[in-house]
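1. how would this look folded up:
(2 chains)
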Amino acid sequence: MANLSKLATTGLGVYKQHRTAATRVMYLSYFLVLGYRLFKPKPVDKDAAAGGKQAEVPGRKKRVAIDQVFFNNLLRILKIIIPDGIRSREFMLLCLETVFLVLRSAISLYVAYLDGKLVSHLVKGEGTQFMKSVLLWLLVGFPASFTNSILSYLRRKLSLRFRSRLNGYMLKEYLPDSNIPIYYLLQNMDDRIKNADQVMTSDIARFSASLSNLYSNLAKPILDMFLYTWQLSKGIGGDNVFFIGLAIQMSAAMLRLSAPPFGEFVAKEANLQGDFRAKHTRLIEYSEEIALYGGNEAEKDILDTAYFALSKHVNRVLRHRLIYNFSEDFVIKYYWGALGLVLCSIPVFFKDLAGQSVISTVSQRTSFFVTNRRFLVSGSDAFGRITSSYKEISQLAGYTSRVSTFMNVMDDVKRGKFEKSFMASDSEDDFSDLPPPTVRLGHDIIFDNVPIVSPIGDVLIRQLCFQVKQGQHLLIVGPNGCGKSSLFRILGGLWQIRAGLLVRPPASDIFYIPQRPYMSKSTLRQLVIYPTTEDNNTVSDAELREILDILEIGELVDHFGGWNTVKEWREELSMGVQQRIAAARLFYHKPKFAILDECTSSVTLDTETVIYTHAKELGISLLTVSHRASLWKYHNLILHFDGYGGYVFTDLDADERLKLEEEKLAIDYELRHEEETIEKLRILEQAAKA
Amino acid sequence: MPVQSTLAWGFNAQLQGILKQLVYILRLYTSRRDDYRSKLLKLLRNNPSYLLIGGLVGVTFVAQSRSRGKLFRPLDSDAPRSRKLKNGARELWVPYKNKLARVIVPKTPEELFDAHQRLFLNIDNEAGYGLGSEKAILSRRRNQQMRFFWQFRALFSILLPSVFSPIAALMALHMGLLTFRTYLSLKVANLDGHIVRHLIAANGKEFTQSIIEWLLLAIPASYTNAMIRYLEAKISLEFRTKLIRYIHDLYIGPRMEYYKLTNLDGAIEGADHYITSDLINFCDSAASLYSNLGKPTIDLIFFAYQLSHNLGSVALLGIFANYGITAWLLKRAAPAFGRLAAKEAAFEGEYRASQQRIITNSEEIAFYDGAPIERQSLTQSYKKLRDHIARVLRVTAVYNVLEDYVLKYSWSASGFLFASVPVFLPSWTGDSFDRHATLSAPNRERSRMGDFITNKRLMLSMADAGGRIMYSIKDLTQLAGYTGRLYDLVAALHRVRANAYHRLAIEEDIEYEEYSLADVRGEYHLGCDEFSLHQAPVIVPGLGRDLSAGEPLIDPITFKIQQGEHLLITGANGVGKSSIARMAARMWPLYRGILCRPTAKKIRFLPQRPYFSCSTLRDQIIYPATHSEMLKAGITDEDLMDILRQVKLDYLPEREGGFNAVKEWKDVFSGGEKQRMLFTRLLFAKPQFAVIDEGTSAVSQDVEGLLYEACKRNGITLITISHRISLLRYHTATLTVGLGAEGTQWQFEHNQTDQARVTTEKTISQLREKIAKYPALRKRRQEILQMLGVPARPETGAVKS
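-> Numbering: from 1, shown residues only, chains lettered A, B, ... in the order given. The predicted model follows:
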């Protein structure tokens, strides 16, 4: 016994001697462990699940790892949003924020001391001193609240600037000046990006907010923690603070270990809830059948069973949660509170264990206690924030990966690298028997042995050959899905050719008018001259009016109050007027070739005549897709697809063709009823026999 | 000590006593003396307050074991999973933790639904709530509040039918615990003050004792906290169960409300969403409002009382005035955050819409090569958004300075001032003398310190409580939303159940149109031994939500089918064949005329689309009967095998793993199997009449014969709806609908009259002539195709000319 106490005394003595070094070692190892835990990916986020309902179902979203890839991606984006390094305004804002952060911590320290002083004056009943301190308190409030407000302003301002930078960069990449239509290719030729608008709007916004928040959310608590721990250690002794911290950590770990598997529970509950809902949906879907069977009792049993399975499970979770909540409340609220009090009591009761400060009088103790308690509360708050910042980092990682994936895919698409799933089985066709793919610019349109292949690999036509010279007019007919639109996409340069020779005029000489014309939200003038911008427009309003008058829609200008009216034209104009606007665009641009894809489906025959004759007068070569026989007379060539990979390219004689077509239609009608007639006959014969 | 605080201090002292006793028990226990048990008993006798804590713990355990269920069965048990009990309740066996647990589901009495019509079918809510005719003067907002109140009261009468229901007991317990918690918080605040006082005084022993007391106090405190949260969730769950049960009984009744709600009434779309998510939201919101409003209110009263005791009523008034004035000031100074946020959302939406426009029109834009102009317009749109956000930031920053200053610094400064009242102006506290005046200087300081800590805690808690009450007012508007939706559902269900459209028309003074749901005058005669229609038109009903007119499909029909006759109803698609079945099944209203048919048990309907419930293979055959009903009727699985043999499906039980297998049957059976399975339902039920709607479209003709013969053998009179003429031979009469120019005429004939035979022969010769012409037509077609230059299909390869 005596030996033991002697050993303890010696041990304590040795410890006291090397106290500073020991404390330093302890803190160092502690921060190492903390850092490790922060960046170590957790398998199941138990804490989040314990939080309650807002926890998401595990396994639904894959957690993005925080690794080298993340840092590389982040660095790449950082170079975009802080382009000029330390000279850019973003960096200045960051520095300013840091300055204010430090300032705020300094003010917080001062406020803590002032608090202690105030209370000690109050306790001592020193009226004048107390009032002075209150006044001082109110004065300190001004810079303090200003600092707080400016910090939140700077944070959000920074986020906005990040967003603007990134947005501008992405827009330039997404809608480039070069003739590679990234936005189209991304949408139609590649599977990797499902919703570009989501990335371009909310993902960018969230990334920026997350990044700027992370800085202040990490920098401030780290600064605070160091500051407060230092201050506390000064008052109480670093090793004591460390031991108490260790006790808190251990109890927290115990709590975590004893937590029931809330993640599992939540998943199961979501499952049961989904099941219950599915059964209700099924009831509505099959309500008619169930009503006919009179199956209400059976259905009610099924639904009630599903509900009570859910409610029983919820009840079970509630019971588990009750016990967990009890222990959690006990540990966090009361046990830790008691530890804090004990910590503050150390310098009072064990003077030789405390730090440098010597306290003897009551008022000193009061002031000391109030100040240190404030440090303790703020310090532990900062500590809690640091531990929970893991969640924020992983959130940022998620947004970073979304944004950088989008950027990577855009780069790939620019380089002509696409990824598309479900390729058709015969995509293996490499067209090696055809000449290698060549695209040349010229005056005419020539397809020489060009296969028409969709991006998913469906071969629509193995080899297509035809030629349209300027001044000729081509009619293209065939059933749906035979490759008419694909032909135009190849002609427009949207799709690459796999083989053969393609000669086409430059993009500015081909004009495309789709069936549903694209109506932008812009001024009326812009609507007509699209895609030319108003700055580059050389045609006067009077001339534009003339174009519209040809199409008998000149009064639109008066009706909508002039050329500068901005409207959502898609909703304002009828389809017939929209198609006439599209024709006006054709007349405005006067290209050499025009592709008219069912573009007169909603206009009258008279207007159609006006459009076609005027277009021919302007010397535009027309390539028309239409089922309307009335259009045949405007063309002298025909390309006829049969829908099975075959086609005919020949001259067009409109009248003769019309007659034959009509006779064929009549015969087709008769032949369609053939089987039906035979079946009817068979049954009637049978019935007569019986 | 002032009179008004005697109670609080008394209770306080008692609790302190209890805690001291607990320390004593601990000491007893650790001392390991033999007589500690007798001492314990004596202690309990002397201190009945232990029974309170013991009782609370006991109630929890009772509540737990009550919901734990009494009986379990293994998952693979063969016994029926549901059973009807004598009093109308049902016994269900519900999967729970790898077992089946027994649940008794009581039946909601029909009388309750009848009584609730008063609450849910009263269209003129305001009038029903006792407001005079001047209600028009009331502002709209007031009206909305009244409406919410009325709706909530109606729903609440479902949740809490009487004050003696178990939910009421739970709520009372919850309220009791809330009060207890507030009391404990007071206690904690006081103890905190004590500890600090001892700390400052450097009273080591007292300090340690207080810390132990603190930890001991923590046990009931955390128990109460956890229990309050548990009870809140529990109350929400009980609300949910109560509502779900009520709605299920109302929704899935013999009057086919689940069908009529969507197809006839039409006011509620997506009832499943209402029943699953809206209902949960309502229950959570109602339960949390109860505790969110209840706790801060109790807190506020308690703390205010305690503070007025500690600081005096003048200071308390000052505190309230301070809160009130600053809150008013902040509210005045606050920019219109709601409007700014709405504007920001609108700009965001616009920007996003422009992005989406690019995606939807990417091809056109690519053809036009419109990237530069689109980028320009997108940039403009973004700039608008950015400038707005920047403006909001500036406005917010200025306001934040004010808010931060007021909330953090001026409030705490005034807090110091109020806390200093007992020190500097002791006469204001309501005590006639300074409590500390008699103490020596250091003691006085310590004591003041303790009081200060306590008061600070109390003021903080009170401000917190006030804030919470403010927030829960926001919750109230949310609850109003959920209440409205749920009320709409229940009201629509009541309307459908009571068929109350006639009344709706009268009360809203609308001239209802002919054939609307308020104009149903047909008569059903159930329990006849025949199936007949007398002057009954077929009409597609208009929706009940706007009482629109129905659309007549077929002229009034009259015919009669006796038992033993078989009827084929035929006609083109969409002329109203299936509608006759819907009318007969009473799903659609019978607008005019008379319909005679047997009772529901004796007539069965086979719908066109096969329906399989998600339960066992056995349930598919006996549907809509249940397993326990089957056992009661003395039918065994062997009998079911017999039925399966009749339709040549006897391989199924073996293939699917027995009659107890549960699968998604609509994916398991092939088309033909599905239709044969449906016939087993008829063969199981053996009704007098069966209405079969296209029941054999997916089976071959010989199987069709097999199925029809099997039905006839079982004495079932068949009414078939089909456009397949081959079915004629199994029927003795035909009703053809969709005749005449407008398709509204009909013809009823008994098959195989002489006249019919003559017309048949004539048709046959006409058809033969027609068929003879086909080869010539085909040849001509080829010629035309060649002339048109179209290659003969389906040849492949290009032909060039």
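2. Would you mind splitting chain A into its domains for me?
-> Chain A resolves into domains spanning A:76-414, A:435-652, A:658-690 when parsed by automatic domain parsing.
3. ditto for chain B
-> B:17-68, B:527-750, B:751-788 (the TED database).
4. ok, residues contacting the host helix or strand of B:Phe531?
-> Here B:Phe531 sits within strand B:530-540, counting by DSSP states H and E. With contact meaning CB atoms under 8 Å, 6 or more residues apart in numbering or on different chains, strand B:530-540 is reached by B:515, B:522, B:550-563, B:567, B:576, B:579-580, B:583-584, B:588, B:590-598, B:603, B:689, B:717, B:719, B:737. To be clear about C-beta, it is placed using only N, CA and C from the backbone, and glycine gets the same treatment.
5. for stretch B:408-419, same thing?
-> Here stretch B:408-419 makes contact (CB under 8 Å, 6+ apart) with A:118, A:122, A:130, A:134, A:137-138, A:140-141, A:144-145, A:148, B:311, B:315, B:318-319, B:322, B:326, B:452, B:455-456, B:459, B:463.
6. Go again with 6 Å.
-> Residues from elsewhere that reach stretch B:408-419, judged by CB atoms under 6 Å, 6 or more residues apart in numbering or on different chains: A:118, A:134, A:137-138, A:141, B:311, B:315, B:318-319, B:322, B:452, B:455, B:459.
7. Quick check: next helix or strand after the helix or strand of chain A with the lowest mean pLDDT?
-> Least confident helix or strand of chain A, by mean pLDDT, DSSP states H and E, is helix A:46-50 with a mean of 40. Next along the chain after helix A:46-50, taking DSSP H and E as the criterion, comes helix A:68-81.
8. picking that back up, for ChimeraX, what selects the buried ones among the contacts of stretch B:408-419?
-> Of those, the buried ones can be selected in ChimeraX as follows, counting by 16 or more other CB atoms under 10 Å in any protein chain shown:
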select /A:118,134,137,141 /B:311,315,318,319,322,452,455,459
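9. Out of the contacts of stretch B:408-419, flag the one nearest to A:Ser486.
-> Using CB to CB, A:Gly141 comes nearest to A:Ser486 of the contacts of stretch B:408-419, at 71.0 Å.
10. That closest one touches B:Asp404, doesn't it?
-> No - counting by CB atoms under 6 Å, no contact exists between A:Gly141 and B:Asp404, whose distance comes to 8.3 Å.
11. which sections of chain B are below the confidence cut-off?
-> Chain B contains residues with pLDDT under 70 at B:1-19, B:21-22, B:25-41, B:43-51, B:60-71, B:122-142, B:427-442, B:502-511, B:752-760, B:789-801.
12. one step back: what's the PyMOL line that selects buried ones from the contacts of strand B:530-540?
-> Here is the PyMOL command that selects the buried residues among those (16+ other CB under 10 Å):
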select buried, chain B and resi 515+522+550+552+553+554+555+557+559+561+567+576+579+580+583+584+588+590+591+592+593+595+596+597+598+603+689+717+719+737
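13. Run a quick neighbour tally on the closest residue in space to B:Ala202 that isn't next to it in sequence.
-> Once flanking residues are discounted, B:Ala202 sits nearest to A:Val348: 5.1 Å by CB to CB, 6 or more residues apart in numbering or on different chains. By the measure other CB atoms under 10 Å in any protein chain shown, the count of residues near A:Val348 is 20.
14. for A:Phe243, same thing?
-> 15.
15. Which other helices and strands does the helix or strand containing it contact?
-> Assignment of secondary structure by DSSP H and E places A:Phe243 within helix A:238-258. Helix A:238-258 is packed against helix A:19-39, helix A:336-349, with contacts defined by 3 or more CB pairs under 6 Å, 6 or more residues apart in numbering or on different chains; DSSP states H and E.
16. can you put these in a markdown table and add distance to A:Tyr512 and mean pLDDT?
-> What follows is those, written out as a markdown table (distance: least, CB to CB, whole Å; pLDDT from 0 to 100):
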| stretch | distance to A:Tyr512 | mean pLDDT |
| --- | --- | --- |
| helix A:19-39 | 53 | 70 |
| helix A:336-349 | 71 | 79 |
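17. Deepest in the core, which of those helices is it.
-> For the helices and strands packed on helix A:238-258, the largest average neighbour count (mean count of other CB atoms under 10 Å in any protein chain shown) is found in helix A:336-349, namely a mean of 20.
18. Okay, angle between that one and helix A:238-258 too, please.
-> Here helix A:336-349 points in a direction 160 degrees away from that of helix A:238-258 (axes from the mean of the first three to the mean of the last three CA atoms, to 10 degrees).
19. circling back to that earlier point, tell me the gap between the strand holding B:Phe531 and the middle of its chain.
-> Mean-position distance between strand B:530-540 and its chain equals 38 Å (CA atoms, centre = their mean, to the nearest Å).
20. Just checking: what are the partner strands of it?
-> Pairing partners of strand B:530-540, with direction, according to DSSP bridges: strand B:551-562 (antiparallel), strand B:594-597 (antiparallel).
21. right, and the ones you listed - which one's nearest A:Asn3?
-> strand B:594-597 (103.5 Å).
22. Past the closest one, which element shows up next along the chain?
-> Moving toward the C-terminus from strand B:594-597, the next helix or strand (DSSP H and E) is strand B:603-606.
23. what pairs with that following strand, and is each one parallel or antiparallel?
-> The pairing partners recorded for strand B:603-606 under DSSP bridges are strand B:689-693 (parallel).
24. how about the CA coordinates for the strand it pairs with, as PDB?
-> The C-alpha coordinates for strand B:689-693 follow below in PDB (Å, rounded to 0.1, in the frame of the first residue of the first chain):
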ATOM      1  CA  PHE B 689     -75.300 -16.500 -63.500                       C
ATOM      2  CA  ALA B 690     -71.900 -15.500 -64.800                       C
ATOM      3  CA  VAL B 691     -71.000 -12.500 -66.900                       C
ATOM      4  CA  ILE B 692     -67.900 -13.200 -68.900                       C
ATOM      5  CA  ASP B 693     -66.300 -10.200 -70.700                       C
END
